[in-house]
Structures are given as structure tokens and as C-alpha cells.
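In: Just a sequence and a predicted model for now, questions to come.
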Amino acid sequence: MMKRSWKHFCSIVLTLGLVVTSGGAWPTDEQLPTTTGTVANWDGPTAGPLKQRGKKVTFIMQDARNGGISSAYRGFYLAAIELGWTLNVVDARNSIAAVRTLMSQAITQQQDAIIFGGIEFDDNYRDLSALARQKNIILAGWHAAAKPGPSGNLFTNITTPFEDVGKLAAEFVINNSRGDVGVIILNDERFAIANAKTAVMANVLRHCARCSVLAIENIQIDTANDAMPGAVLRWNRLYGKRWTHTLAINDAYFDAINVPLMRAGRKDVENISAGDGSYTALSRIKSGLSQQVATVAEPFGLQGWQLADELNRAFSGWPPSGYISKPIVITSPLMRQLRGGDIDSTLNYKENYSAIWSGQKMPK
């Protein structure tokens, strides 16, 4: 694992097109995203093509153990059933070589579309992308690029804006703390979206007079469980009581952090995740017993259905919808209010997408 400087991550964000401001130019509280609960009214598309039945789609997961990827797939699976599609879901197990092999197989099988779930869709797949285009195979992604919408060879990429997610997480720390704040940020540098969220969080904290970024740690998500015990001991030794909060780009970092914190006598450290709202994280936040007090979650069910709708548009010769879902700050009080419902359950996205695909009147 390696530390990275704040300047290192700001340069990454600039490359991705986000202007990192300085001094008084940083957005005011009124300009920051403030989504803290589910939205009652549907704000997605209200028109689109009728359902295109009989399509064959391969969904390649970067890692099936990732709660965000599996949750997005679950939503897509339910939508695909309604559309009458045949699905093939495969797990690349964090391997670029495996992604290439699975992509080649999908092309050979003459699939109508290939979805890349949590896979950084970069130059590693340029040759196969060209081959897919020759065969009129639609390529789309969920968290396959840093920004939502069309990206390179992808018809569209489904994600919430990393700027909003990073700001919401860092602002939560600032607005729910008193006195001096010392933050350790956990990142996985393999992913552009993770680097971008890390840069945003660091920059927001830099503009807080009582806050300091103690360290930015590069720990691969799939090794987080094994890394946490030793990392907690090291951080506690290096920073002691200066360490008050941990921010992470994914909930997985906090799956195995509670016990090491308790053994180190650090029940005072609060953990907040800038994504993605895994079922495990939601459960522990709801209990109120975990040191993870919040996560900036994505509406996975909605995103899965949106992914299906975007493919349906592509199959029909329509452009992408341009819809971008909003992140939601999940806390224990909000989870209790939902009473067991999904975090996006009030959006009525299933009814609205079903109405589009069947040509019916949109529900109110």
C-alpha cells in the first residue's frame, strides 16, 4: 500500500475535466449537493422506444464479491426479465486477462450487447471494442468510466457524478463533527473514478480550517479485509488521537475495520464511505452499532433498470437518455425511516420504465 499526496490527486481530477478551485472560489454550502434521502418524484426519462424483445446480453462483473456491482446487476436482471432478454452473467475476478477472454467469448457468441460492471474500460480493450463494433454489438458500462453518459466506445456509462459523491462524503465529516478533524482517506488507484472521488474529498477537507488530511492510502478493494488489522495499528501508532475519521471510496474497506479499531481502543473513530451503499454497509449503518456512520449510496435498483433502458434505446436506434441518478447520504435515522424498503424504493422507477417500454401513460 502507498500514500499519495493531495497534489497528486488534484492533478488526476484536472485530467478528468473537473476544475479544482482554490481559496474563496470553492463552492459555498448552498452550491454543494445536499441529497440526504430518497426523492419522491420520478425525475428520469418520460419517453422512449418500445421494448425490443429477444436480445442476448452478457454482463461481465469486475468482481462478483463487490456489493455495488452485484446490486446493480440484480436490478438489471429484473428489468431484463420484463424485456424478454436472455442474460449471461460472468465474473472476471479482478483480472484484465479474464475480461478480455470473456469479452472475446461474448463477441464469438454474437451477443447483442456486452455490459462491463465495475471494469475500467480503457485501452486494454481497444482491439476487442473495434471487433464488437464491426459486429454491431452494443457496449455499455456501470462504473466503467469516471463520468456518466457516453464514454469512448461505450454507448453509455451509468454512475452518479463522482464530484457529488466525494463532496457529500467530505461535507458529512465536516458538518457532523466538532473541533479538530484528522482524516485518513482510503483509495484504490486502479480505478479512475476512485482517484477522482479521493481528490474531491481531499480538496473539500483542505478548505476546512479545522480539518487535515493525515494520509491517503492506496489499498486494493479486494485486499481490504486482510489489510485492515495491520493498517489500523499503523495509523493509530502514527497519528494517535489526531485520527478522528476515515473516508473511503468504497464500503468494502469498513467490512473488517470494527474489530481492529476496538482492539486498538479507538471506538471514537468514525468511518464514512463515498460509495457505494452495499447491503452489508446498509445493514451495519441501520443497526447504529457500527463505527461506519454513513455511506453515500447509489440507487442500484434504479441504475440497473436504467442500464436496461439505455440498451433498449440503443437496440432501437435511439440516443442515450442523458439521465443521471443522484447519490443518497445514508445514515441510521434514514434507514429506520425506510422500514426495510430499498433506498430508491420511493422513486417508482420500475413503473415508469415499464410504462415507457409498453407505450402506456406514465404513472403520476
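Out: Received, thanks. Residues are numbered from 1 along each chain as shown.
In: okay, CA-based contacts and neighbour counts for the rest of this
Out: Will do.
In: List the buried residues for stretch 226-241?
Out: By 16 or more other CA atoms under 10 Å, the buried positions in stretch 226-241 come out as Ala227, Met228, Pro229, Ala231, Val232, Asn236.
In: got a list of contacts for that stretch?
Out: By CA atoms under 8 Å, 6 or more residues apart in numbering, the residues outside stretch 226-241 that reach it are Leu214, Ile219, Trp243, Tyr253, Ala256, Ile257, Pro260, Leu261, Ala264.
In: Find the nearest non-adjacent residue to the fifth one, please.
Out: Excluding its sequence neighbours, the residue lying closest to Ala256 (CA to CA, 6 or more residues apart in numbering) is Asn225, at 5.3 Å.
In: okay, now that neighbour: neighbour count?
Out: The number of residues packed near Asn225 is 15, by other CA atoms under 10 Å.
In: Would you agree it is in contact with Tyr253?
Out: Yes: assessed by CA atoms under 8 Å, Asn225 is found in contact with Tyr253 at 6.9 Å.
In: Near Gln109, how many residues? Count them for me, please.
Out: Neighbour count for Gln109, taken as other CA under 10 Å: 11.
In: all strands for the chain, in order.
Out: 2-3, 56-61, 86-91, 113-117, 138-142, 149-151, 154-158, 181-187, 211-218, 245-248, 270-273, 292-297, 328-330 (DSSP state E).
In: mind putting those strands in TSV, mean neighbour count and distance to Arg126 included?
Out: Formatted as TSV, the strands of the chain follow (neighbours: other CA atoms under 10 Å; distance: least, CA to CA, whole Å):
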stretch	mean neighbour count	distance to Arg126
strand 2-3	12	29
strand 56-61	23	16
strand 86-91	16	20
strand 113-117	25	14
strand 138-142	25	12
strand 149-151	18	13
strand 154-158	24	11
strand 181-187	24	26
strand 211-218	20	27
strand 245-248	25	31
strand 270-273	26	32
strand 292-297	27	31
strand 328-330	26	34
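In: Save those strands as CSV, and put in mean pLDDT and distance to Gly44 too.
Out: Converted to CSV, the strands of the chain look like this (pLDDT from 0 to 100; distance: least, CA to CA, whole Å):
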stretch, mean pLDDT, distance to Gly44
strand 2-3, 46, 40
strand 56-61, 98, 23
strand 86-91, 98, 25
strand 113-117, 98, 21
strand 138-142, 98, 17
strand 149-151, 96, 14
strand 154-158, 97, 13
strand 181-187, 98, 31
strand 211-218, 98, 36
strand 245-248, 98, 29
strand 270-273, 98, 26
strand 292-297, 96, 18
strand 328-330, 93, 16
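In: and these as CSV, adding distance to Ala170?
Out: Listed next are these as CSV, based on distance: least, CA to CA, whole Å:
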stretch, distance to Ala170
strand 2-3, 19
strand 56-61, 29
strand 86-91, 32
strand 113-117, 26
strand 138-142, 24
strand 149-151, 25
strand 154-158, 23
strand 181-187, 10
strand 211-218, 10
strand 245-248, 8
strand 270-273, 8
strand 292-297, 10
strand 328-330, 11
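In: Below-threshold pLDDT in the stretch 201-350 of the chain: ranges please.
Out: Scanning the stretch 201-350 of the chain for pLDDT under 70 picks out 339-341.
In: And the strands of the chain: which comes nearest Glu310?
Out: Checking the strands of the chain against Glu310 by CA to CA gives strand 154-158 as the closest, at 7.5 Å.
In: burial count for Pro363?
Out: Neighbours around Pro363, by other CA under 10 Å: 12.
In: Contacts only, for Phe59.
Out: Applying CA under 8 Å, 6+ apart, we find Phe59 in contact with Tyr73, Leu87, Asn88, Val89, Val90, Ile114, Ile115, Phe116, Gly117.
In: Hmm, Lys55 is touching Ala80, no?
Out: No: the criterion here is CA under 8 Å, and Lys55 misses it with Ala80 at 9.2 Å.
In: do you know how far the residue nearest to Ala132 when sequence neighbours are not counted is from Arg133?
Out: Leaving aside its chain neighbours, Ala132 sits nearest to Ile107 (6.3 Å; criterion: CA to CA, 6+ apart). Ile107 sits at a distance of 10 Å from Arg133 (criterion: CA to CA, to the nearest Å).
In: the more surrounded of the two?
Out: Ile107 (22 against 13).
In: Cool, thanks, signing off.
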